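>>> let's see this in three dimensions:
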Amino acid sequence: MTLTNIVEIIWAISGIGLIVLVLLHSPKGDGLGGLGGQAQLFTSTKSAEITLNRVTWTLVAVFLGLTVVLSAGWLTTPQ
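All right, here's what the predicted structure looks like:
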């Protein structure tokens, strides 16, 4: 396995993980119930949501960084 293959595997895993984590987030909009402002009365920031946000943003940074590295061809040796 070459370094490019390993980075591509990490890139694919981070992309799949990013999809899963985005789907795990709780919806921010409450539909028509959010119009009156009652939806914000009972919501609180939980540590699980904060951790989920941090992990999601970390995977975004990894995914975008590896996308730039792979698309620029910085890992391939010039011939």
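>>> use CA for all of it now, contacts and neighbours both
Fine.
>>> what does the average pLDDT come to for the helix or strand that contains residue 54?
Per DSSP states H and E, residue 54 falls inside helix 47-72. In this model, helix 47-72 has an average pLDDT of 93.
>>> before we move on, what about stretch 26-44?
Mean predicted confidence for stretch 26-44 is 56.
>>> again, but for stretch 10-19
Per-residue scores along stretch 10-19 average to 97.
>>> mind listing what's buried in that stretch?
By 16 or more other Cα atoms under 10 Å, the buried positions in stretch 10-19 come out as 11, 14, 15, 17, 18.
>>> which outside residues touch it?
By Cα atoms under 8 Å, 6 or more residues apart in numbering, the list of residues contacting stretch 10-19 from outside reads 56, 59, 60, 62, 63, 66, 67.
>>> using CSV, list the CA coordinates for it.
Provided in CSV are the C-alpha atoms of stretch 10-19 (Å, rounded to 0.1, in the frame of the first residue of the first chain):
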residue,chain,number,x,y,z
ILE,A,10,-8.7,7.8,5.7
TRP,A,11,-10.5,10.3,3.4
ALA,A,12,-13.3,7.9,2.6
ILE,A,13,-13.8,6.9,6.2
SER,A,14,-13.9,10.5,7.3
GLY,A,15,-16.5,11.2,4.6
ILE,A,16,-18.7,8.4,5.7
GLY,A,17,-18.3,9.3,9.3
LEU,A,18,-19.2,12.9,8.5
ILE,A,19,-22.4,11.8,6.8
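>>> how far away from the center of its chain is that stretch?
8 Å (Cα atoms, centre = their mean, to the nearest Å).
>>> now stretch 10-24
Worked out by Cα atoms, centre = their mean, stretch 10-24 lies 6 Å from the chain centre.
>>> packing partners of the helix holding residue 54?
Packing contacts for helix 47-72, counted by 3 or more Cα pairs under 8 Å, 6 or more residues apart in numbering; DSSP states H and E, involve helix 3-24.
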